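Asker: Show me the folded form of this:
(2 chains)
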Amino acid sequence: MGECAGNPHPAAVAAGEPEHGGQQGAPAARLLSVENLSTAFDTEDGPVTVVDQVSFEIDAGETLGLVGESGCGKSVTALSIMGLLPRPAGSIVGGRILFRGEDLGAAEALRLQQVRGNRIAMIFQEPMTALNPVQRIGRQLAEAYTLHAPGTGRNEAKGRALELLDQVGIPAAERRLTEYPHQLSGGMRQRVMIAMALASRPDLLIADEPTTALDVTIQAQILELLRDLQRETGMAILFITHDLGVIAELCSRVVVMYAGRIAEQASAPALFANPRHPYTRGLLRSVPRLEDDPKTVLSTIPGTVPDIHELPTGCRFANRCPHAEGVCRNRAPGLEDTPVPEGQTSTHRVACHRWRAVEAV
Amino acid sequence: MTSYFIRRFLLIVPTFIGVTILVFAVTRLVPGGPIERMLQEAAMAGSDVAASTSGFAGHGASSLSDAQIDQLKAYYGFDKPVIVGYAEWLGKVVRLDLGTSTRYSEPVWDTIKDRFPISIFYGITTLILTYSVCIPLGIVKAIRHKTTFDNLTSAVVFFGYAIPGYVVAIALLTVFAGNLGWFPLSGFVSDDFDDLGTLGKAADVAYHAVLPLIAYLAGSFAVTTMLMKNSLMDNLAAEYVRTAIAKGMAFRRAVFAHAFRNSLVPIATSFGNNITLIVTGSFLIEQIFNIDGFGLLGWESLVERDYPVVMGILVISSILFMVGNILSDICVAFVDPRVKFGSGESSQ
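Answerer: Prediction:
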């Protein structure tokens, strides 16, 4: 699972020497590579591995979608990368998080502070609670900037804050600076969060379900904003969501997680055209489609996610999988490369013993 | 917001009338008024004591005729119906006249005024000590939640909270003043206070204040400390603190730059009421240490049926209490910009 760099991915080969970072002339330089990341939480019933041997890469400027249902470990993966796991309960118990070749999992607290908000920024699901309710927007924005540019004058910081609000499309920016978060709508607050994240022009933006708490029209606006900003700044985005529609709209590659492990990883077009993991197939089938007859019963995945305290030894999806047989219950499947159509460079990996049989159905 | 506070201030008037009329009526209804008290005291203790207690009961208290008693009642206004009596009393209060103490035969205001320095001294000292201990302690306990330090300090503050102040007072008095003789047994200052220099006076007051202050403070740390701790912990777990750290801020800095002010909101809701501590004070502790503060005055005037003083204390404490409530609201509005009074909505 961990030897992802050895696959025929030109970008991966180019970024084989992490020291080269983004400066290499390769079409897409490796920005972040998560290798066999395992994160565990101490609970009253003992330690629980929430993220288990997760590996993926993000190249400069690309958008990777991390998709899965609630509790599958996608947010914890993001928090692990940021070093924001709740202490002391959560901790990284294995693997590496290489950002431009530097292992963030082993980095000192001070070094992490330099990276956070500066090279890697993050926005969260709940814009209602993610801003400090008793501080003016302007101050919170300026802070995001001055933290990484110490010695910045008050006026310069304010100017930068104005610029950022303009950039994320907030009208009457001057007045907004003096307002408090409760005076802004949810969509506006998420824009402020995005503006804060952009303050130091990060290389990577981690967006943890940034549109989940917003209504649909605002969702579309925020997605559009993210896409525009990415085009402007060239930052990479790790987009975490449970919404396949959002993935289709925004992401070039997708990682599907299930119960703490990666189930499938592919380019977005390949995943939607040719899902190989039974879980991905189930997910895609349970999305309502406009061309369906009205009131068609939605297809669902039977059963429930296994209890995190009693994970099966074999494939974690086996108890819900229509294709499961003996081997699935006894041995956990590794992530294996599957063939991709001629001319495609992106890999398509799946963690399923029976993906060939599944595909034949 | 201004109109809200104006309305709140205007509401003091009817509330004040409601409180005072109730207590005034009670003083009239309960058996045994100040005159009966004087007569009884005079009868029991003989004319010497009676003379020193009250100049009016002085000449032959036990042999007062009914006519004389009626005269006395008329003098104190007890012959009139409650409402009339109350109206007269209120009329005087409006002119800042609280009446005359039946016990001391001096203006109530003078009696009360004498107690101010002592009560204000103890009130403000306990206030400052309480907040300057509780807030830092709460912060450290929140950051070091469930460590030995946290558990140990919790045990200490709850131990103090669980023991009544007067028990602490007696224990301290017995051990440190009685047995060891380190501190004076009673009083606010020494007898030779007036002969001391400024520094000597300050030292003398402090010397007398040590034991009573400990008795006052022993139980006062628990509530504010735990309020501060829990409130800060809630805020440390809040998402905006995570946002601050995600921006690249150090955790410790985020505690003070972001979580601290938010966690002061519940503390601010009670802050204004501290103004009432000028006229409060435990009469038991004051009794034990023989401190002439408000607690003792209130209790004595009730026992002695010195109703003008009782009403006078009520006037001052009820007004302070109501003003304190408004001050608390102002404090909250000051700390939390989401609080908007007056429009009837506080957006969340």
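Asker: in chain B, which segments are predicted with low confidence?
Answerer: B:34, B:41-64, B:278-279, B:341-348 (pLDDT under 70).
Asker: Around chain A, pick out the residues from it.
Answerer: Residues of chain B lying close to chain A (Cβ under 8 Å from any Cβ of the partner chain) are B:237-240, B:242-250, B:257-258, B:261-262, B:335-338, B:347-348. Bear in mind the C-beta positions are built from the backbone N, C-alpha and C, glycine included.
Asker: Repeat the analysis, applying 10 Å as the threshold.
Answerer: Counting by Cβ under 10 Å from any Cβ of the partner chain, chain B comes close to chain A at B:146, B:235, B:237-251, B:253-254, B:257-262, B:264-265, B:335-338, B:340, B:346-348.
Asker: What are the boundaries of the strands in chain A?
Answerer: Per DSSP state E, chain A carries strands over the ranges A:30-43, A:46-59, A:63-67, A:90-99, A:102-103, A:120-123, A:204-208, A:236-241, A:253-258, A:261-267, A:336-338, A:348-350.
Asker: For PyMOL, what selects the buried ones among the residues of chain B next to chain A?
Answerer: To isolate the buried members of the residues of chain B next to chain A in PyMOL, using 16 or more other Cβ atoms under 10 Å in any protein chain shown:
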select buried, chain B and resi 235+238+239+240+241+242+243+244+245+246+247+248+249+254+257+258+259+260+261+262+264+265+335+336+337+338
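Asker: Now go through the residues of chain B next to chain A and say which are in strands.
Answerer: Among the residues of chain B next to chain A, no member falls in strands (DSSP E).
Asker: In contact with B:A215: list those residues for me.
Answerer: B:A215 sits next to B:163-173, B:282, B:284-285, B:288-289 when contact means Cβ atoms under 10 Å, 6 or more residues apart in numbering or on different chains.
Asker: Swap in 7 Å and give it another go.
Answerer: Residues counted as contacts of B:A215 (Cβ atoms under 7 Å, 6 or more residues apart in numbering or on different chains) are B:G165, B:V168, B:A169, B:L172, B:I285.
Asker: hmm, back to that, helices - which of the residues of chain B next to chain A land there?
Answerer: B:235, B:239-246, B:251, B:253-254, B:260-262, B:265, B:335 (DSSP state H).
Asker: before we move on, back to that, could you redo the strands of chain A as CSV and give each row distance to chain B, mean pLDDT and mean neighbour count?
Answerer: CSV is the format used below for those (distance: least, Cβ to the nearest Cβ, whole Å; pLDDT from 0 to 100; neighbours: other Cβ atoms under 10 Å in any protein chain shown):
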stretch, distance to chain B, mean pLDDT, mean neighbour count
strand A:30-43, 13, 93, 20
strand A:46-59, 17, 92, 21
strand A:63-67, 17, 95, 26
strand A:90-99, 13, 93, 19
strand A:102-103, 16, 92, 15
strand A:120-123, 5, 95, 28
strand A:204-208, 9, 95, 25
strand A:236-241, 13, 95, 25
strand A:253-258, 21, 95, 26
strand A:261-267, 24, 94, 25
strand A:336-338, 35, 90, 15
strand A:348-350, 30, 93, 24
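Asker: Same list as before, those that is, but in TSV and with distance to A:L184 included.
Answerer: Output for the strands of chain A, formatted as TSV (distance: least, Cβ to Cβ, whole Å):
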stretch	distance to A:L184
strand A:30-43	31
strand A:46-59	31
strand A:63-67	26
strand A:90-99	31
strand A:102-103	36
strand A:120-123	15
strand A:204-208	19
strand A:236-241	23
strand A:253-258	32
strand A:261-267	37
strand A:336-338	46
strand A:348-350	42
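Asker: Those: which one's closest to B:F221?
Answerer: strand A:30-43 (31.8 Å; Cβ to Cβ).
Asker: Kindly provide the distance from the residue nearest the centre of chain B to B:T224.
Answerer: The residue lying closest to the centre of chain B (Cα atoms, centre = their mean) is B:T280, at 1.7 Å. Distance, B:T280 to B:T224, by Cβ to Cβ, to the nearest Å: 16 Å.
Asker: go on, B:A162?
Answerer: From B:A162 to B:T224 the distance is 16 Å (Cβ to Cβ).
Asker: next one: B:N179
Answerer: 32 Å.
Asker: Same question for B:I313.
Answerer: 26 Å.
Asker: Also A:R329?
Answerer: 58 Å.
Asker: who has more neighbours, those two?
Answerer: Each of A:R329 and B:T224 has its neighbours counted (other Cβ atoms under 10 Å in any protein chain shown); B:T224 has more, 20 against 14.
Asker: and the helix or strand containing the more buried one, which residues are buried?
Answerer: Taking DSSP states H and E as the definition, one finds B:T224 inside helix B:221-236. For helix B:221-236, the neighbour count (16+ other Cβ under 10 Å) marks B:221-222, B:224-233, B:235-236 as buried.
Asker: In contact with the residue of the stretch 1-150 of chain A found nearest chain B, which residues are there?
Answerer: Closest approach between the stretch 1-150 of chain A and chain B, counting by Cβ to the nearest Cβ: A:G117, at 3.5 Å. Listed by Cβ under 7 Å, 6+ apart, the contact partners of A:G117 are A:A144, A:L147, A:H148, A:S200, B:A246, B:K247, B:G248.
Asker: Just the closest of the residues you listed to A:L290, please.
Answerer: B:A246 (37.5 Å).
Asker: what's across from the spatially closest residue to that closest one that is not a sequence neighbour in the sheet?
Answerer: Computed as Cβ to Cβ, 6 or more residues apart in numbering or on different chains, the closest residue to B:A246 that is not its neighbour in sequence is A:M122, at 4.6 Å. Beta-bridge partners recorded for A:M122 (DSSP bridges): A:I206.
Asker: dump the residue contacts of A:M122.
Answerer: Counted by Cβ under 7 Å, 6+ apart, A:M122 has contacts A:A78, A:M82, A:A197, A:I206, A:D208, B:A246.
Asker: Between which two of these is the distance greatest?
Answerer: Farthest pair in these, by Cβ to Cβ: A:A78 and A:A197, 12.9 Å.
Asker: Between these two, which is the more surrounded one?
Answerer: Ranked by neighbour count (other Cβ under 10 Å), A:A78 and A:A197 place A:A197 first, with 27 against 21.
Asker: Surely the more buried one is in contact with A:I123?
Answerer: Yes. Using Cβ atoms under 7 Å, A:A197 is in contact with A:I123, at 5.2 Å.
Asker: re earlier: which one of the contacts of B:A215 is nearest B:P308?
Answerer: B:I285 (25.4 Å).
Asker: give me the element that closest one is part of.
Answerer: helix B:283-289.
Asker: Go through the helix or strand following that helix and flag the buried ones.
Answerer: Per DSSP H and E, the first helix or strand lying C-terminal to helix B:283-289 is helix B:294-303. Buried residues in helix B:294-303, counted by 16+ other Cβ under 10 Å: B:F294, B:G295, B:L296, B:L297, B:G298, B:E300, B:S301.
Asker: on contacts alone, who are the packing partners of helix B:294-303?
Answerer: Applying 3 or more Cβ pairs under 7 Å, 6 or more residues apart in numbering or on different chains; DSSP states H and E, one finds that helix B:294-303 contacts helix B:108-143, helix B:283-289, helix B:307-335.
Asker: other SSEs contacting the second one?
Answerer: Counting by 3+ Cβ pairs under 7 Å, 6+ apart, the packing neighbours recorded for helix B:283-289 are helix B:165-172, helix B:198-217, helix B:294-303.
Asker: Show me what the helix holding B:I285 is in contact with.
Answerer: B:165-166, B:169-170, B:173, B:186, B:211-212, B:215-216, B:293, B:295-296, B:298-299.
Asker: What is the nearest of those residues to A:D103?
Answerer: Closest to A:D103, out of all of the contacts of helix B:283-289 and judged by Cβ to Cβ, is B:Y216, at 56.2 Å.
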